[in-house]
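>>> just the structure for this:
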Amino acid sequence: MASTEKSKQGSTKLQIIRVATRMIMENGYSGASIRTIAKEVDLSPGNVMFHFPSKEHILAVMTDILCKFQWKMIESEANDGVSSVMAICLELMSMAAACEENSVAKEFFIAAYQSPMCLEIIRRNDAQRAKKVFADYCNCWTGDQFAEAETIVSGIEYATLMTTGDSASLEMRIAGALDSIMSIYGIPEEIRKRKINKVLATDYRTISNRILREFIEYVENIDETELETLLAIKR
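Just a heads-up that it's a prediction; the model follows:
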């Protein structure tokens, strides 16, 4: 009986995440609510909140899934070896391009960076990645130093995505952000320039659109085991 109940619970969580992802990525974070998500899943708002106490908890799971999914795709697109500096550069470029061209995507990313719960997930994922990517430049760093660096990096990323009417061009913002981020990790200027020029020469807008489209498809097909692993988030 307990096993059946657990299976049902997992299936309900999966339904909620699938529906919420589709609604948020198609209509915007502000356009989705616990009530509208519950209606789409054919549950009461109370039942949805039994699994996810708030919409922010749903956003946190989506953020964790996207961090892992996006990095896997970007590494392939970078074509520069596993856990490469180029992949780090291209990832920020693709997010900035999405925010530049898609108001729904921008609302999602900004909501994630403004949420303490989601920001913790972003920093944790990025710190783990940075340990591998920048190992040759920061081989004496401790885990705490990488965590501290990502606190600064996440601020740079947020500023790059959060544009206003008088913001600099996308290319200028990306070049400045990537130069600052790579400087934090001690990458020599010559390499920084080469990576920035290379990422600006890519078809980053097409890559960005494909990531967002395939992310929705990925969540639609995510399995129970992977979801349960991702749900190990502090509430």
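>>> C-alpha from now on. contacts and neighbour counts both.
Noted.
>>> helix or strand right after the helix or strand containing residue 24?
According to DSSP states H and E, residue 24 maps onto helix 2-27. Scanning forward in sequence from helix 2-27 by DSSP H and E, the next helix or strand is helix 34-41.
>>> hey, C-alpha coordinates of whichever helix or strand comes after that following helix in PDB?
Using DSSP H and E, the helix or strand that follows helix 34-41 in sequence is helix 45-51. Extracted as PDB, the C-alpha positions of helix 45-51 are listed here (Å, rounded to 0.1, in the frame of the first residue of the first chain):
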ATOM      1  CA  PRO A  45      -4.900  24.000  -5.300                       C
ATOM      2  CA  GLY A  46      -4.500  22.300  -2.000                       C
ATOM      3  CA  ASN A  47      -3.400  19.000  -3.600                       C
ATOM      4  CA  VAL A  48      -0.900  20.900  -5.700                       C
ATOM      5  CA  MET A  49       0.400  22.600  -2.600                       C
ATOM      6  CA  PHE A  50       0.700  19.300  -0.800                       C
ATOM      7  CA  HIS A  51       3.500  18.500  -3.300                       C
END
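>>> look up the closest residue to residue 174, ignoring the ones flanking it.
In space, and not counting its chain neighbours, residue 174 is closest to residue 93: 6.4 Å by CA to CA, 6 or more residues apart in numbering.
>>> output the contacting helices and strands for the helix or strand harbouring residue 176.
Assessed by DSSP H and E, residue 176 sits inside helix 170-184. Contacts defined by 3 or more CA pairs under 8 Å, 6 or more residues apart in numbering; DSSP states H and E place helix 170-184 against helix 85-101, helix 143-161, helix 189-200.
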